[in-house]
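*Asks:* Quick one, fold the following:
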Amino acid sequence: MNTFHVKKGDEVVILAGTEKGKRGKIIAVQTKKSRAIVEGCQMIKRHMRKSQQHPNGAIIEREGTIHISNLMLASKFDARAAKRGAAPAKTEQS
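*Replies:* Numbering: from 1, shown residues only. All right, here's what the predicted structure looks like:
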């Protein structure tokens, strides 16, 4: 089994991609694919079939996955920013 530098419940900063600089909490980690789902980031639209929960069907938005290598623990990121003399990144609240 793979071990990663992040786990479910950790607050992380996204280092690369379209969501670069955003912060969020990890909802789930997919170890076989080396990817994680971060709360409020990488939102994708999902077409849902008719069901009891969605009687007419629906288009819902949910979080997509981000590769583990593009994530860093927020505490380490802030420590690195302080060491470099820059202000730490702002926490995004939705």
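*Asks:* got the contact list for the closest residue to Lys33 other than its chain neighbours?
*Replies:* The shortest distance from Lys33 to any non-neighbouring residue, by Cβ to Cβ, 6 or more residues apart in numbering, is to Thr65 (7.2 Å). (Each C-beta comes from the backbone N, C-alpha and C, glycine too.) Contacts here follow Cβ atoms under 8 Å, 6 or more residues apart in numbering; on that basis Thr65 touches 30, 33, 35-37, 42.
*Asks:* and the gap between the spatially most central residue of the chain and His54?
*Replies:* Of all residues in the chain, the one closest to the mean position by Cα atoms, centre = their mean is Val38, 2.1 Å from it. Separation of Val38 from His54 (Cβ to Cβ, to the nearest Å): 25 Å.
*Asks:* Could you report the neighbour count for the residue nearest to Gly17 when sequence neighbours are not counted?
*Replies:* In space, not counting the residues next to it along the chain, Gly17 is nearest to Asn70; the distance is 5.8 Å by Cβ to Cβ, 6+ apart. Neighbour count for Asn70, taken as other Cβ atoms under 10 Å: 17.
*Asks:* again, but for Ile68
*Replies:* Ile68 has 19 nearby residues by other Cβ under 10 Å.
*Asks:* Can you verify my assumption that Gly63 contacts Ile27?
*Replies:* Residue 63: Glu, not Gly. Yes - contact criterion Cβ atoms under 8 Å: Glu63 and Ile27 qualify, at 6.6 Å.
*Asks:* Can you read off the pLDDT for the spatially closest residue to Gly57 that is not a sequence neighbour?
*Replies:* Nearest residue to Gly57, sequence neighbours excluded (Cβ to Cβ, 6+ apart): Lys50, at 4.8 Å. If you check Lys50, the pLDDT there is 94.
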